[in-house]
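In: Kindly return the folded structure for what I paste below:
(one chain, ligands or ions: 1)
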Amino acid sequence: MVENHLGPIAATYDELQSLPTLGRTQERYFLRPSSAAAVHRAILQSVEVALYNTTDLLNRATADLVRGDLGCASLKMGWIYGFQRILTVLSLTANQAPLTNAKKTIHIGESKPYRLTLEALQRFDHAIVATVPKERLTTVLGSGNLDESTFRVLHLSRIASHEITIWDHALSQIRISAHIGYDNLVCPEIIEAAFQDRSLKGDTYFAQFRALHQIPELVGAVLAAHLRVAIQLLSKRRYEAATLRLRIANLLSAIVSACLRPLIEQLVQADYHRIRENLGMTSGSHSAILHDQLLTTIYEQLAGDVASAARTDRCLPLRRLMEECQTFRVFVHNWRAEHLHLPRNNLGGDRTRSLIGSPDALKAVETMCRAAVERDPLRIGENRGSADVSQSLTAYLSGEASLDRLILRHAGDATKSRFPHVQARIGIFSKTD
Ligand code: HEM
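Out: From the prediction side, this is the model:
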């Protein structure tokens with residue numbers, strides 16, 4: 001195994017995200033991937049991933065507080081809040097009508113990381129009370145602002161706390177459609193192993209970076225299974241049954257989108273640079289689900305089949321199916337548009353190479369976005385990226401006069417100077433695929 005001063009350097013995307021470990025779930029207890037129980041499995045496994053990360057972040061925020069570093073603690077609080085938002089989306093999805101079926105009720109209190117989160121939260125609360133004297137609280141809360149660390153910690157803590165109560169309530173009784181217990185459904189020892197599989201030394205957001213890939217992989221696998229069934233049902237003109245599968249896919253897509261937000265909002269270039277070498281020659285474009293299936297082959301086949309059915313048939317059930325397909329289509333293109341934040345924020349522009357060697361990472365992602373729109377069987381003339389007269393703001397922002405261009409150029413310079421070996425394809429980055 002190749003290592004640097006922080007720990008292992010990933011050889012493959014699958015290894016980086018512990019996909020072989022996560023894949024052991026089906027051997028441990030098989031569930032048909034397109035079943036409602038498999039959807040609950042993916043959701044609850046994702047909940048466990050999010051809870052392990054919440055515990056990790058709370059423990060590290062507590063350590064920051066004990067050191068008297070409220071600034072650092074406030075950064076962890078931003079991530080903690082981000083994970084609570086994802087937990088809320090997961091918990092609301094778990095209770096959506098097409099998925100619930102009263103065969104058995106389970107609750108999140110059975111989960112080990114849930115109990116760990118409670119203990120970590122109690123330690124964090126004690127540390128806050130020990131750090132910020134009670135007599136200061138009224139003044140800080142009443143007149144403080146987000147530019148002050150103490151206020152930020154308290155404010156983010158209170159919104160994270162309220163968010164916790166929302167998902168805690170929603171996950172207190174989940175009606176699932178199989179007569180199996182929590183352990184066989186969730187296979188928690190596999191999630192724990194996947195969390196512990198790989199870590200780095202020091203105060204990094206590597207675990208969180210992995211979690212925000214792992215959740216889309218877990219949820220994406222069942223989402224893809226539902227879309228495949230929808231395609232088969234459509235070929236048999238069973239439009240209503242296909243529409244139900246698409247509704248489930250659309251519900252799950254909200255989780256995949258939610259996972260981008262903490263990376264967009266909390267991960268800064270310096271955080272990403274700290275862990276970048278340990279990612280090795282990997283990329284989300286190696287992702288088992290998103291790139292290889294969901295956003296490409298499966299969506300394109302579905303959209304093509306729906307478009308050709310609509311040319312000969314105009315019945316109401318097919319129109320409803322078309323509406324669900326349009327909703328999924330919006331997710332596909334919007335996910336790509338939002339993912340663009342990540343190379344923009346963490347790599348920058350001006351021929352900054354990606355880890356796998358794309359000569360201009362940002363242009364590579366922009367080209368992937370444009371190509372996807374052009375290939376889209378449901379395309380109705382739009383072309384993201386080439387601003388016409390009705391997009392003067394976009395035209396200005398992509399022009400040389402804008403601050404956005406200046407920031408992109410300097411962000412790119414920072415990446416290129418910190419990673420000359422990635423840029424020049426030397427050392428561990430000299431291998432070709
Ligand atoms: C700091 C975070 C990230 C950066 C800097 C980044 C960067 C990139 C880059 C440069 C590419 C183009 C291929 C290449 O040269 O590597 C790419 C593609 C891709 N990435 Fe990311 N990425 C990030 C996070 C993610 C996450 C969290 C996911 C999914 C959970 C993801 C999924 C993908 C997918 C699916 C593609 C292919 C895009 C397409 O088909 O249009 N990436 N990414």
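
In: list the contacts for the closest residue to the ligand within the stretch 251-400 of the chain?
Out: The nearest approach of the stretch 251-400 of the chain to the ligand comes at residue 284, 2.1 Å away (Cβ to the nearest ligand atom). Quick note: C-beta positions are derived from backbone N, CA and C, even for glycine. Residues near residue 284 by Cβ atoms under 8 Å, 6 or more residues apart in numbering: 13, 213, 290-291, 339.

In: how about those residues in TSV, adding distance to residue 94?
Out: Output for these, formatted as TSV (distance: Cβ to Cβ, whole Å):
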residue	distance to residue 94
13	28
213	21
290	21
291	26
339	25
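
In: Turn the residues you listed into TSV, including secondary structure, distance to residue 36 and neighbour count.
Out: Shown next, in TSV, are these (DSSP: H, G, I helix; E, B strand; the rest coil; distance: Cβ to Cβ, whole Å; neighbours: other Cβ atoms under 10 Å):
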residue	secondary structure	distance to residue 36	neighbour count
13	helix	29	22
213	helix	25	20
290	helix	23	23
291	helix	27	16
339	helix	29	20
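
In: got those residues as TSV, with distance to the ligand and pLDDT columns?
Out: What follows is these, written out as TSV (distance: Cβ to the nearest ligand atom, whole Å; pLDDT from 0 to 100):
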residue	distance to the ligand	pLDDT
13	9	96
213	4	98
290	4	94
291	4	93
339	6	98
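
In: just curious, which of those is nearest to residue 111?
Out: residue 213 (21.2 Å; Cβ to Cβ).

In: And the residue nearest in space to the middle of the chain, what's its pLDDT?
Out: By Cα atoms, centre = their mean, the chain has its centre lying nearest to residue 259, at 2.4 Å. You'll see residue 259 listed with a pLDDT of 98.

In: From residue 410, how far off is it?
Out: 28 Å (Cβ to Cβ, to the nearest Å).

In: Near the ligand, which residues of this protein? Just list them.
Out: 212-213, 216, 263, 267, 272, 283-285, 287, 290-291, 295, 336, 339, 342-343, 346-347, 354, 356, 358, 361, 364-365, 368-369, 372 (Cβ under 6 Å from any ligand atom).

In: Buried among these? Need that as a selection in ChimeraX.
Out: Restricted to buried positions by 16 or more other Cβ atoms under 10 Å, the ChimeraX selection for the residues of the chain next to the ligand reads:
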select :212,213,216,263,267,272,283,287,290,291,295,336,339,342,343,346,347,354,356,358,361,364,365,368,369,372
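
In: The residues of the chain next to the ligand in helices, which ones?
Out: 212-213, 216, 263, 272, 336, 339, 342-343, 346, 361, 364-365, 368-369, 372 (DSSP state H).

In: pLDDT below threshold where in the chain?
Out: Scanning the chain for pLDDT under 70 picks out the ranges 97, 100-101, 380-389, 431-433.
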